[in-house]
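K.L.:
sequence isn't available, so here's the structure alone:
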């Protein structure tokens, strides 16, 4: 295989991998969405002031209104988000198309990528795994556009803990990582 066709093959594999991952996330999202009730039970006293008694059973009325999650689209200078919103923030499942062309599909918490998701870079590189407070955190896999791949632990956006890095030429290194650096020798 020539270098050009090898690069095309690598891009095709990365594209197919991205499509299957996005499909899995979409199926998960839709299954979660259909199992949740869209109707919110509204009590007669939901608008009552804190400390007010419920007319029907003489119990204290809730002090804060029930939080509801709804699907919506939000556009701002960073891009367009479509997904679940709670308390005017991205919370739950959603997809953001950034103005740069990058895409994130997955879980959100308080406007940050948080939980399982897939981030696809404009270059075609892709991270699939866990996020915490907007950063790679937990187990995840980074597949670079050139075919190199890291699969393992992440802390605050950096390779950390046990992991395996496979270079574009096929050679690999498995072991301990700290702060994006290999610990120990490759050989």
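P.N.:
In hand now; what should we look at? Note that this is a predicted model, so its numbers are computed, not measured.
K.L.:
thought residue 79 was touching residue 98, still the case?
P.N.:
Yes. Residue 98 is in contact with residue 79 according to Cβ atoms under 8 Å; the separation is 4.0 Å. (Glycine included, C-beta is placed from N, CA and C.)
K.L.:
quick one, strands of the chain?
P.N.:
Listed in chain order, the strands of the chain (DSSP state E) span 70-76, 79-86, 89-98, 103-109, 112-120, 126-132, 135-143, 149-155, 158-166, 172-178, 181-182.
K.L.:
can you redo these as JSON lines with mean pLDDT and mean neighbour count?
P.N.:
Output for the strands of the chain, formatted as JSON lines (pLDDT from 0 to 100; neighbours: other Cβ atoms under 10 Å):
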{"stretch": "strand 70-76", "mean pLDDT": "91", "mean neighbour count": "12"}
{"stretch": "strand 79-86", "mean pLDDT": "96", "mean neighbour count": "18"}
{"stretch": "strand 89-98", "mean pLDDT": "97", "mean neighbour count": "20"}
{"stretch": "strand 103-109", "mean pLDDT": "98", "mean neighbour count": "22"}
{"stretch": "strand 112-120", "mean pLDDT": "98", "mean neighbour count": "21"}
{"stretch": "strand 126-132", "mean pLDDT": "98", "mean neighbour count": "21"}
{"stretch": "strand 135-143", "mean pLDDT": "98", "mean neighbour count": "19"}
{"stretch": "strand 149-155", "mean pLDDT": "98", "mean neighbour count": "20"}
{"stretch": "strand 158-166", "mean pLDDT": "97", "mean neighbour count": "17"}
{"stretch": "strand 172-178", "mean pLDDT": "95", "mean neighbour count": "16"}
{"stretch": "strand 181-182", "mean pLDDT": "91", "mean neighbour count": "12"}
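K.L.:
neighbours around residue 78, how many?
P.N.:
11 (other Cβ atoms under 10 Å).
K.L.:
for residue 97, see how far away it is.
P.N.:
When Cβ to Cβ, to the nearest Å is applied, the distance between residue 78 and residue 97 equals 10 Å.
K.L.:
got it, and residue 179?
P.N.:
31 Å.
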